[in-house]
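**Student:** Following is a predicted model, sequence given first.
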Amino acid sequence: MRILLAEDDPLLGDGLRAGLRQLDFQVDWVRDGAAAERELRGGAYAAAVLDLGLPRLDGLDVLAAVRRAGVAVPVLVLTARDTVPERIRGLDAGADDYVVKPVDLHELAARLRALVRRAHGQPQERLAAQDVELDPAGRTVRKAGRPVPLSTREFDLLHALMLNAGRVLSREQLEQHLYRWGQEVESNAVEVHIHHLRRKLGTALIQTVRGVGYLMARELPAGSRSGAGIR
Amino acid sequence: MNAPASPPSPRARRTLLAGGRGNAAPGGRRARSLQARLLALVLGVVAAVWAAAAALTWIDVRDELDELLDGHLAQAAALLVAQQVRDLGEDDGGRHHDDDHGVDAPSLHRYAPQAAFQVFHEGRLALRSASAPARPMAATRAGFSTVTIDGEAWRVFAARGAERDVQVYVGERARSRASILRAVMGGMLWPMGVALPLLGLAAGWAVHRGLAPLRRLGRLLAARRAAALDPVALDATPAEIAPVVDALNGLFERVGALLESERRFTADAAHELRTPIAAIRTQAQVALAEADDARRRHALQGTLAGCDRATRLVEQLLTLARLEASDAPALHDVDLGALVRGVLADAAPAALARAQALELDAAPGCVVAGEPTLLAVLARNLVDNAMRYSPRGARIAVRAARDAGGRVALEVDDSGPGLAQPEIDRLGERFFRIAGTEASGSGLGWSIARRIAAVHGATLDAQRSQRLGGLAVRVRFA
């Protein structure tokens, strides 16, 4: 899961980036408000952690600007501003969650997962499609109740597809989910990972929409229940 | 004259000082109640005026009385002389005097013993009143005198006939004059004596009424909560209390500003400590979960760096808090050049580590009135900031000199990136941080420097450095 971290404090930013990476997030770190706004408008993030006291552009202004621009990325505000009016202002400006420093890394990760889940209309922590079940917190995947070992990239790819079940994702979109800045993207990496996922989880799980991208159906095409439909 | 212990007095005192709770103001005895004081003054002045009036009346009446009665004495003496001379003329040689009884005139009135007369003819007592002694009443032959007869003071007028040897004495007891005087004065004084207590009561009531606004103010203050710092408002503030109320309101305002600044400071401090603490916590958590040795070391070093930063922040906060709480420090003559040299010597190792060049240009005799410790903190903050916000290899030039006007100035120039005007304008804001810097400053250094400058009556300003291109900070002493 790719996360944007906007934090001007070098030590805290470094720690958050390292900690979230330990928890298998792909983290891009920006240090001022203008950069945060630019990156959020780019739109490739599953969620963002936004400090409010940012130089050049205050976090609240960033939030208001990207919300005005129609950016729906879930944003978790992480700030030292702890008064109730400040919390209210933050949430009203478009924050999806408001956390006061300091925060436990695991809690931060859980909140981010919850934000992403809700943003994709998933009511449950575990994602399910067909007979495959994905646990974002435990980072485990089961097929028909049996655990299937996946690499980090395979897991992230499957997570992205399952979050967007019923929607076609382009190769570029999937790449953005997988790679943070400065990571070399192999030209056919997505195809390779899709191939591996199909081998491990069955060929029917992920469908190729030629010339457009990839699609995961919630239910098998010949499933007993009617699917949620294409969103 | 003491004020009568009229009933309103003690109660008024209690009400007036109800806010004080204790019996005496700290560090001093409690003054008499204003009411008692006013009452004592009013009654004292009235009594003094009355006393003066009485004394003047006494003198006046006594003089008038003396004049009148002396006139009567002289008149009576003249009559007696005239009478004797005529009698002697009519009975020339033919009449002889009887024995001593014959000379006594009858006592005609019950007040007669108060007066006496004697008529001597050729040295012999010819006639006398019943109250008169046999010997001449006075030693003098003519005019007034005051003599003592049988232990009592008499006023005596002596007169003598022109041809015959007739000597007349007319006397009057001095006591009778005094008793007239006493009667007159008594008639005047006793209504005064009766009026004074009544006047005291009336004045007490009036003073009590007059002091009502003061008591109202006292009640208003006593009823205030400790945290209430809004201005005191009386319905109609008398001119005499207005300065007190104004001063109180001014005090409330200042206390309020102080409390507000304290509150803001605490909030700011708590707020500002959250980020370093969050960094420490996060780095520690990363280190705990990290399997890779190099990355764990990095996180642990981050934890330490966070602790150092939090410590520095706390120190700066404390410095600032002390500075804001303190008033004017004791100022001594401080050689700015020597002081800055010491500060630069302390900073040299850190500068060396960052390959930054420190330069000092201190003119001799740059003596300012200052507090050495605070001035060192000021200089250290400026040098520290210059080093912190300049890259490796930068030049930092410190100069202490007198300007054309003879004012001592301390200047710190650096060859760093400098600041744009909007950022310079925001420098004074507490916790304002420069954007895009790796340096982990809190922005408190500038607040501290500015506060120290203010304490010394010096001005602090920043601009683009003409010499080195970075930031130039200048402290100009008065």
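**Tutor:** Looks like it came in fine. The shown structure was predicted, so the numbers you read here are calculated from the model rather than taken from an experiment. Numbers count the residues shown, from 1 in each chain, chains lettered A, B, ... in the order given.
**Student:** looking at it, B:V184 is touching B:V61, isn't it?
**Tutor:** Yes. Look at B:V184 against B:V61 with CB atoms under 8 Å: they come within range, at 5.1 Å. In short, each C-beta sits where N, CA and C put it, glycine included.
**Student:** thought B:G337 was touching B:L375?
**Tutor:** No. B:G337 lies out of contact with B:L375 (CB under 8 Å); the separation is 11.7 Å.
**Student:** Those two: who's more crowded?
**Tutor:** Using other CB atoms under 10 Å in any protein chain shown as the criterion, B:G337 and B:L375 rank with B:L375 on top: 25 against 22.
**Student:** does that one sit in a helix or strand, and which one?
**Tutor:** helix B:372-388 (DSSP states H and E).
**Student:** mind listing what's buried in that helix?
**Tutor:** The neighbour-count check on helix B:372-388 (16 or more other CB atoms under 10 Å in any protein chain shown) flags B:372, B:374-388 as buried.
**Student:** which non-adjacent residue is nearest A:H177?
**Tutor:** Among residues not flanking A:H177 along the chain, A:A160 sits closest, at 4.2 Å (CB to CB, 6 or more residues apart in numbering or on different chains).
**Student:** Could you say which helix or strand holds that neighbour?
**Tutor:** helix A:152-163.
**Student:** Give me the helices and strands touching that helix, please.
**Tutor:** On a contact count with 3 or more CB pairs under 8 Å, 6 or more residues apart in numbering or on different chains; DSSP states H and E, helix A:152-163 meets strand A:127-129, strand A:132-135, helix A:171-178, helix A:189-201, strand A:213-216.
**Student:** and the longest one, how far out from the chain's middle?
**Tutor:** Spelled out, it's helix A:189-201. What separates the centre of helix A:189-201 from the centre of its chain is 20 Å, taken as CA atoms, centre = their mean, to the nearest Å.
**Student:** and the angle for that helix with helix A:171-178?
**Tutor:** 80 degrees (axes from the mean of the first three to the mean of the last three CA atoms, to 10 degrees).
**Student:** Any chance you could list what contacts the very next helix or strand once past helix A:189-201?
**Tutor:** Reading on from helix A:189-201 to the C-terminus, the next helix or strand found by DSSP H and E is strand A:206-209. Applying CB atoms under 8 Å, 6 or more residues apart in numbering or on different chains, the external contacts of strand A:206-209 come out as A:161, A:168, A:194, A:197-198, A:214-217.
**Student:** And strand A:206-209, how far out from the chain middle?
**Tutor:** 21 Å.
**Student:** Can you select the buried ones among the contacts of strand A:206-209 for me in PyMOL?
**Tutor:** The PyMOL command for the buried members of these (criterion: 16+ other CB under 10 Å) is given here:
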select buried, chain A and resi 161+194+197+214+215+216+217
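**Student:** I'd like the contacts of strand A:206-209 laid out as JSON lines, including pLDDT.
**Tutor:** Supplementary listing: those in JSON lines, determined by pLDDT from 0 to 100:
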{"residue": "A:L161", "pLDDT": "88"}
{"residue": "A:V168", "pLDDT": "88"}
{"residue": "A:I194", "pLDDT": "90"}
{"residue": "A:L197", "pLDDT": "90"}
{"residue": "A:R198", "pLDDT": "90"}
{"residue": "A:Y214", "pLDDT": "90"}
{"residue": "A:L215", "pLDDT": "87"}
{"residue": "A:M216", "pLDDT": "85"}
{"residue": "A:A217", "pLDDT": "80"}
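**Student:** Nearest to A:D9 among the contacts of strand A:206-209?
**Tutor:** Set against A:D9, the nearest of the contacts of strand A:206-209 by CB to CB is A:L161 (35.2 Å).
**Student:** For that closest one, give me its contacts.
**Tutor:** Counted by CB under 8 Å, 6+ apart, A:L161 has contacts A:169, A:174, A:206, A:214-216.
**Student:** again, but for A:E191
**Tutor:** A:R171.
**Student:** May I ask which helix or strand encompasses A:A34?
**Tutor:** Assigned by DSSP H and E, A:A34 falls in helix A:33-42.
**Student:** Need the residues that contact that helix.
**Tutor:** A:4, A:6, A:28, A:30, A:45, A:48, A:50, A:54-59, A:61-62, A:65-66, A:69, A:71, A:73, A:75.
**Student:** and what of stretch B:161-173?
**Tutor:** So stretch B:161-173 is contacted by B:69, B:73-74, B:76-77, B:80-81, B:84-85, B:88, B:113-123, B:126, B:132, B:136-138, B:141, B:147, B:149, B:152-160 (CB under 8 Å, 6+ apart).
**Student:** So which residues on chain A come close to chain B?
**Tutor:** Residues of chain A lying close to chain B (CB under 8 Å from any CB of the partner chain) are A:8-12, A:14-16, A:18-19, A:22, A:31-32, A:55-56, A:80-82, A:100-105.
**Student:** Narrow those to those that are buried.
**Tutor:** Neighbour counting by 16+ other CB under 10 Å classes A:8-12, A:14-16, A:18-19, A:22, A:31-32, A:55-56, A:80-81, A:100-103, A:105 among these as buried.
**Student:** Next step: the residues you listed restricted to strands.
**Tutor:** Counting by DSSP state E, the part of these found in strands is A:V100.
**Student:** if we can go back for a sec, if we only consider the contacts of A:L161, which is nearest to B:P191?
**Tutor:** A:L169 (116.3 Å).
**Student:** can you tell me how far the closest one sits from A:A189?
**Tutor:** From A:L169 over to A:A189 the distance is 14 Å, taken as CB to CB, to the nearest Å.
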